[in-house]
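Trainee: the sequence and its predicted three-dimensional model are supplied below.
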Amino acid sequence: MKDPNQPDKDALIFNIQRFCLHDGPGIRTTLFFKGCPLHCAWCQNPESIDPKPEMAFIAERCRGCFQCADACEADAIIRSEEKRIDHSRCTACGRCAEVCPSGGLTLVGRRWTVDTLVAEVLKDRDFFVDSGGGITLSGGEPMLQGRFLEVFLPAVKEHGIHVNLETCGCYQWEQIEPLLPFLDLIYFDLKHMDPTTHRHHTGVDNGRILDNFARLTRGAGTLVPRMPIVPGINDTEANVADTARFLLHHGHDTIHGLPYHGLGADKLRWINSPLRPLNLTSMDAEACRPVGRMFAKRGINAVIYD
Amino acid sequence: MPSSMTEGRIARLKRAVQSARPTVCAERALIWTSYHRRVANRFKSPHIRMAEALAQVLDQKTIAIHPDELIVGNYTSKRVGGSIYPELHGVPVMLDLFRFSRRKTNPLDISARDRYRLLGIIPYWSLRFMPLKAYASPWQKVRFVTNQLRAHFYLINESGGIAHLAPDYEKLITVGTGGIVAEAGAHLSQTLADDQTRQFYEAVIVIAKALARFGDRYAALAREMAGQCEDQTRKRELEAISQICGTCLRRGAGSFRGALQAVFLAQIAINLESLDNAICPGRMDQYLWSFYQKDVEQGKLTREVARELIAAFCIKMSEIIPVFSKHLIDFHGGMFNGQVVTVGGMDREGKDATNELSYLFLEVMDALRMRQPNFHARMHEGSPDAYQRAINTVLAGGANSPALYNDEVIVETMRRQGYTVEDARDYTAVGCVEPVCQGKSFASTDAALFNTPLVLELALNRGRRFGSPVRTGTATEPVSRMRSMADVTRAFEVQLKTMLGRMITDLRAVEISNRHHHPTPLTSMLLDGCLASGWCSTAGGAAYNFSGIQCVGPVDTGDALYAIERAVFTDRRYSLAQLVDLLKRDIYDPSAEAYLRGIEKFGNDCEAADRWTRYVVDAFVDCLSAFSANTRGGPYTAGLYSVTAHEFFGRVTGALPHGRRKGQAFASGIAPLNGMDRCGPTALLNSVNRMDFTRTANGINLNLKFDPHTLRGTTGVTALGSLVKTYFRRGGMQVQVNVLDPAILKQARDNPDLYPHLLVRVSGYSAYFNDLSPDMKDEIIRRSTQQPTLG
Ligand code: SF4
Ligand code: SF4
């Protein structure tokens, strides 16, 4: 068993994406931490939710050679057209992915030590410097691996790298408090103002989230509120009004809006997710204009991503 | 976009040129032939023959002034056309006479009459064209021509003529042909004995006068047309054209418009002299600047009018196309004559030289987006922010042009090749990417293309091609006895030396043949050094001489070597003999292929892999620089760009250890293999920055490709700027930014094999395009065709 007082030596990360332009200022490397306390119905990275490594099967790539079956020691390979992994047996050891000649199987989630991760993010330091960029902790919810961050962030900051945290805000205050000196920027997601609706779509109450929002606004450097704009769910007049009121109350006059798109649903087929496709129409900046106007009417500038 | 570009004269001119069907024009070939057939001409010196033949072309070719034109001149008798050069590469080209209009890539129209007349001259030239003249012995002739046609190890482009220069147009528009005639005359009066030199000067005088007469023909035509013109506005325009054409060449340009007109007529003439490839106006914003300033000061010119004239000039440059055979298109695809216009950069003193004209050219380029000219933009630490911003905006908007050049690295590179620092600062790239000094270099930058990965094939098979009993290269150690990477690289270097040596022997023969049989007096009179020395440029008269050899496939060779290191010496998955056996059988085993393809590749910021590409380039440069000077007295320099040769060479090369199967195309230039850069542009640039480009003096080509979404909005423009700046500051030489057309996404949807690893991103979300479901693919396509809004 892990000692809860010891910082985690490694992190579980499912993707590291360089040259990100929309996760904060400049050119950034975004680290996607695996595991999330929420499971939003519209999640664009459904493979981020489970806090353990998992196997993904991308049927489009499979050539049906079944070398994976030979490699698997847990007898977890299924021979069907659209499914390959029996998740009740699979231990996510990754052996099948190693032999798969077509990239049809991928292990989602790999362990990174502080040193290897620091080395990885430093690779693009020249570009950070010129563009005013840095790294963005995303996920999933990076704060689930706060123990790791307690070691990782000071090490990164030693190299003068700008750090942005993208967070859903659902954790105890004590977890994030020690990290605040190392965070230059926080992108804080507000999904819905109504506690019941929030629970309905994300699985958790928004009480603690809103509380943390208030505290971070007071205690952290810069906090930018963000909102995924999901048609019919949180783009209603009522919710926008509530959100605007909440923001104004805490001294904010801007919110970043992320138009919902259905691309995440595509990945649901690849993994063993409890989520079901939402099948909503995708939004773009144009479609989000009414929301922008509703916010503007109430004194909030909504910056809609493209 | 300025309205005058979308409607009115410029739009009409553009439409007329773009809607014209590219057509083969027989005139140059026929006039050239009739001159050479005349018995009286056969005994004249080659200098005089070339000058008089070209003079006859300029005197007799069909000319026309089209509606709306302000800048006049015709490369050929067609609105958009190309000429045939029977004495150079024209004979093999004419073997395609019946295929031009039917072939799939770059089809060309040709009239039945022209086809018939061209057929008639093939017998005359079939034993007289350049490649046959390179060697005296019949056996060597056959060997050389066959080698050129097979072109497995190398292709010598110089046997089709040299060209590839940025003429001294500043001199032409300052002193005019009159000044040049006087200069040559003065030299001539002091030259007594040497026949060669006398003939050269005489030839220069002949062709300089002919060039002036060429202008007179347009003056006369315009005068005649004005006489018949009912429309008073057009009548006045034609009178102005007549006045300008009659004077701009002979006495110096006199005005901004005159300078553009003079340069264009000279462009035509030089293109007709030898090879119609990479005749480059070069730094137009520099040598036109004083004319522009003066005219504006005197109230004779406005910025608007100047832009219209520049646009008219640029449209005219799209009226030429190269007439290549199917074989040559394999190497030089894309209907591309490589006429470069360069803007920005530093002046001879090292100060920033960006001016209003630099911006005007950029505006015109963005508005026109036509095939020619190729626009290049120079950058240095002191380039104004506004200039960089203008360029980044145009690029992020999907213009795919200009190509960007880094002054700091290029000037240093050229200095190391023997340029004075002032001359180096006055560079322009010609053709694709090759830096030369404007008006001073005769660099034959496209002398030959070399298939580097094929040399590795020889090294892995004791000097034989896979599956061949015949030894092509040198007998090196068998793989069973190779114990380390050092053994492998030793064999590679031996084979490299053998094959490069053979190529250089052939190339020298061609150089001498060009000097003896196809001197170029017109080119020479516009290159500093030739008149002073009395030597033609083909004989080494220019101030700077080089021959550029393209190392094609360095990345494939590097990745192949790294794959050997990993598979054989680190992972020990195969013995070297087993691996080679696998290659000989075209990597028949899919799991072996997957393993080999899975080994890291160049372009992903993996040092261990990248250093092998660096090794290959270093070995190539070392080997090349060990050969003594070319016959014009300049060194052989290496270039890392391949136009479309990487596809042809790939087709004739066997399987390679990095999982590339037989016949697959190589990576282009210094770019990673298609789709093998999976970590994005920053990782790619980190890899590329591991190279030392001051060694590749003939230029490099790096293509940075973006999906249509990434660079949108101000965020995208700024990020692009940072990428380029960082890359240049760390030693990058050149980069071309391509935003993929949404049409490519549609192709990728319909044909997944074409773009196996096309990455698409939608604010934070990213995936390989092929992995998406049909609906999602359509969604991405829809998003990519939208106009940017915020962000
Ligand atoms: S190894 Fe890969 S390609 Fe073969 S059956 Fe398994 S998933 Fe499909
Ligand atoms: S990850 Fe391991 S246990 Fe799971 S299917 Fe693959 S080989 Fe079997």
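Mentor: Cool, got the structure. Ligands and ions are numbered 1, 2, ... in the order given.

Trainee: and residue A:64, helix, strand or coil?
Mentor: Secondary structure for residue A:64, judged by DSSP: H, G, I helix; E, B strand; the rest coil, is coil.

Trainee: next, count neighbours for it.
Mentor: Neighbour count of residue A:64, defined by other C-beta atoms under 10 Å in any protein chain shown: 9. For the C-beta atoms, the positions are set from N, CA and C on the backbone; glycine is no exception.

Trainee: just give the nearest non-adjacent residue to the most centrally placed residue in chain A, would you?
Mentor: Closest to where the C-alpha atoms of chain A average out (C-alpha atoms, centre = their mean) is residue A:139, at 2.6 Å. Spatially, and ignoring its direct neighbours in sequence, residue A:139 is nearest to residue A:33 (4.1 Å; C-beta to C-beta, 6 or more residues apart in numbering or on different chains).

Trainee: show me what the one you found is bridged to.
Mentor: residue A:13 (DSSP bridges).

Trainee: ok, now which ones touch it?
Mentor: A:11-14, A:48, A:137-142, A:144-145 (C-beta atoms under 8 Å, 6 or more residues apart in numbering or on different chains).

Trainee: and residue B:422, by the same measure?
Mentor: Here residue B:422 is in contact with B:348-349 (criterion: C-beta under 8 Å, 6+ apart).

Trainee: give me the pLDDT value at it.
Mentor: The score at residue B:422 is 97. That number is its pLDDT.

Trainee: next: the one 4 residues further on.
Mentor: Model confidence at residue B:426, expressed as pLDDT, equals 97.

Trainee: equivalent analysis for residue B:487, please.
Mentor: 97.

Trainee: hmm, the lowest-mean-pLDDT helix or strand in chain A touching chain B?
Mentor: One helix or strand of chain A scores below all others by mean pLDDT, DSSP states H and E: helix A:263-268, with a mean of 80. Yes: contact of helix A:263-268 with chain B is found when judged by C-beta under 8 Å from any C-beta of the partner chain, involving A:263-264, A:266-267.

Trainee: just the buried members of those residues?
Mentor: With burial judged by 16 or more other C-beta atoms under 10 Å in any protein chain shown, the buried subset of the residues of helix A:263-268 next to chain B is A:263-264, A:266-267.

Trainee: the least confident helix or strand of chain A packs against which elements?
Mentor: strand B:765-768, helix B:774-784 (3 or more C-beta pairs under 8 Å, 6 or more residues apart in numbering or on different chains; DSSP states H and E).

Trainee: using CSV, write out every CA atom in that helix.
Mentor: C-alpha atoms of helix A:263-268 as CSV (Å, rounded to 0.1, in the frame of the first residue of the first chain):
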residue,chain,number,x,y,z
LEU,A,263,-15.6,14.2,-31.5
GLY,A,264,-15.1,12.7,-28.1
ALA,A,265,-18.0,10.3,-28.8
ASP,A,266,-15.9,8.7,-31.5
LYS,A,267,-13.4,7.5,-28.8
LEU,A,268,-16.1,5.8,-26.8
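
Trainee: next, count neighbours for residue A:150.
Mentor: 15.

Trainee: what helix or strand is it located in?
Mentor: Assigned by DSSP states H and E, residue A:150 falls within helix A:146-157.

Trainee: who touches that helix?
Mentor: A:6-11, A:114, A:117-118, A:121, A:135, A:137, A:142-143, A:163, A:171, A:175-176, A:178-179, A:182-183.

Trainee: average pLDDT for that helix?
Mentor: 96.

Trainee: next helix or strand past that helix?
Mentor: Taking DSSP H and E, what comes next after helix A:146-157 is strand A:162-167.

Trainee: buried sites along that next one?
Mentor: Neighbour counts over strand A:162-167 (16+ other C-beta under 10 Å) mark A:162-167 as buried.

Trainee: pretty sure residue B:241 sits against residue B:222.
Mentor: Yes: applying C-beta atoms under 8 Å as the test, residue B:241 and residue B:222 come out as touching, 4.2 Å apart.

Trainee: the helix or strand following the least confident helix or strand of chain A packs against which elements?
Mentor: Next helix or strand after helix A:263-268 toward the C-terminus (DSSP H and E): helix A:289-297. If you count contacts as 3+ C-beta pairs under 8 Å, 6+ apart, helix A:289-297 packs onto helix A:237-249, strand A:254-259, strand A:301-304.

Trainee: among the ones you listed, which is nearest ligand 1?
Mentor: For the helices and strands packed on helix A:289-297, the distance to ligand 1 is smallest for strand A:254-259, at 33.0 Å, taking C-beta to the nearest ligand atom.

Trainee: pLDDT (mean, whole number) over that closest one?
Mentor: Across strand A:254-259, the average pLDDT comes to 94.

Trainee: on that earlier part again, which one among the buried residues of strand A:162-167 gets closest to ligand 2?
Mentor: Using C-beta to the nearest ligand atom, the buried residues of strand A:162-167 come closest to ligand 2 at residue A:166, 28.8 Å.

Trainee: mind listing what's buried in stretch A:137-146?
Mentor: A:137-146.

Trainee: what mean pLDDT does stretch B:170-189 get?
Mentor: For stretch B:170-189, the per-residue pLDDT averages 97.

Trainee: mind showing which ranges of the stretch 251-400 of chain B have poor pLDDT?
Mentor: When residues are selected by pLDDT under 70, those of the stretch 251-400 of chain B lie in B:333-334.

Trainee: residue ranges for the strands of it, please.
Mentor: For the stretch 251-400 of chain B, applying DSSP state E, counting those that start in this stretch gives strands covering B:340-344, B:374-379.

Trainee: find residues that contact each of residue B:241 and residue B:222.
Mentor: B:65, B:72.

Trainee: how about the strands in the stretch 401-550 of chain B?
Mentor: B:403-406, B:427-430, B:434-437, B:441-442, B:448-451, B:544-545, B:547-552.

Trainee: ah, wrong one, I meant the stretch 51-200 of chain A
Mentor: A:54-57, A:105-108, A:110-113, A:134-138, A:162-167, A:185-189.

Trainee: any idea of the pLDDT on residue B:779?
Mentor: Residue B:779 is given a pLDDT of 69.

Trainee: got it, and residue B:527?
Mentor: 97.

Trainee: list the contacts of it.
Mentor: Contact partners of residue B:527, counting by C-beta under 8 Å, 6+ apart, are B:165, B:167-168, B:439-442, B:537, B:541-543.

Trainee: give me the nearest residue to it, chain neighbours excluded.
Mentor: Per C-beta to C-beta, 6+ apart, closest to residue B:527 is residue B:542, 4.4 Å.

Trainee: so who does the one you found touch?
Mentor: B:440-442, B:524, B:527-530, B:632.

Trainee: mind doing that once more with 6 Å?
Mentor: Neighbouring residues of residue B:542 by C-beta atoms under 6 Å, 6 or more residues apart in numbering or on different chains: B:442, B:527, B:529-530.

Trainee: what's the answer for residue A:268, then?
Mentor: Residues in contact with residue A:268 (C-beta under 6 Å, 6+ apart) are A:46, A:275, A:277.

Trainee: check the last one and give its pLDDT.
Mentor: The per-residue pLDDT reported for residue A:277 equals 84.

Trainee: next one: residue B:193
Mentor: Per-residue pLDDT puts residue B:193 at 70.

Trainee: how about residue A:121?
Mentor: On pLDDT, residue A:121 comes in at 97.

Trainee: is it true that it touches residue A:133?
Mentor: No: using C-beta atoms under 6 Å, residue A:121 makes no contact with residue A:133, being 10.9 Å away.

Trainee: which one of those two has more residues nearby?
Mentor: Under the criterion of other C-beta under 10 Å, the comparison of residue A:121 against residue A:133 puts residue A:133 first, with 27 against 23.
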